[in-house]
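Student: I need the structure of the sequence given here:
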Amino acid sequence: MPVKVRRMKATDYDALVATWKAAGLPYRPKGRDSRENVERELMQGTSLFFVAEESGKVVGAVLGTQDGRKVWLNRMAVLPSHQKKGVGRMLADAVEKEMERLGIMMACALIDDGNDGSMKFFEGLGYVRHRDIYYFSKRKGGHV
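Tutor: Numbering: from 1, shown residues only. Sure thing, here's the model as predicted:
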């Protein structure tokens, strides 16, 4: 069966975590990646969370968000068995389609230094790397 992309549901959480782990993304179960945080974000009107499925099994996911001005593609992961087969592009397309529906004109992705595969992927989608921007964060409870 072909891979299909759909909106993520709260019941996809365990498959989401398994996808992150299989793809080598860090997982912070006591912080931003906790079930409670993901479920809370799903309920907000700012979330653009999608999963890619094949035969009922999650093979990829992206946690997109929008702030009214721009869309952020976060925590994109594809199972190693499905990488380089267009699944990541399908997930990015789903977020960008929602972005256009909302009238938002800019999509962004933050990528950890050294994650060359993700950088090449987003450059291949037409995203421009900015070397003149510094990322700052302030988090309650420290860096989780």
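Student: helices of this structure, start to end?
Tutor: Shown for the chain, the helices assigned by DSSP state H span residues 13-23, 35-43, 87-101, 116-124.
Student: now render those helices as TSV, adding distance to A52, mean neighbour count and mean pLDDT.
Tutor: For every residue, glycine as well, the C-beta is placed using N, CA and C. Output for those, formatted as TSV (distance: least, CB to CB, whole Å; neighbours: other CB atoms under 10 Å; pLDDT from 0 to 100):
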stretch	distance to A52	mean neighbour count	mean pLDDT
helix 13-23	9	17	97
helix 35-43	17	13	96
helix 87-101	5	18	97
helix 116-124	14	14	94
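Student: now render the ones you listed as JSON lines, adding distance to F136.
Tutor: Supplementary listing: those in JSON lines, determined by distance: least, CB to CB, whole Å:
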{"stretch": "helix 13-23", "distance to F136": "24"}
{"stretch": "helix 35-43", "distance to F136": "21"}
{"stretch": "helix 87-101", "distance to F136": "24"}
{"stretch": "helix 116-124", "distance to F136": "20"}
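Student: hmm, who's touching stretch 124-138?
Tutor: Here stretch 124-138 makes contact (CB atoms under 8 Å, 6 or more residues apart in numbering) with R89, A92, A107, C108, A109, L110, M119, E123, H143.
Student: for L91, which residues are in contact?
Tutor: V5, F50, A52, G60, A61, V62, M76, V78.
Student: which non-adjacent residue is nearest it?
Tutor: Nearest residue to L91, sequence neighbours excluded (CB to CB, 6 or more residues apart in numbering): V62, at 4.2 Å.
Student: the one you found against V95, yeah?
Tutor: Yes: in this structure, V62 is within contact of V95 by CB atoms under 8 Å, at 6.0 Å.
Student: related to what we said a few turns ago, and the residue nearest to L91, what's its pLDDT?
Tutor: The score at V62 is 98. That number is its pLDDT.
Student: likewise the one 10 residues further on?
Tutor: At W72, the predicted lDDT confidence score is 96.
Student: tell me how many other residues surround it.
Tutor: 18 (other CB atoms under 10 Å).
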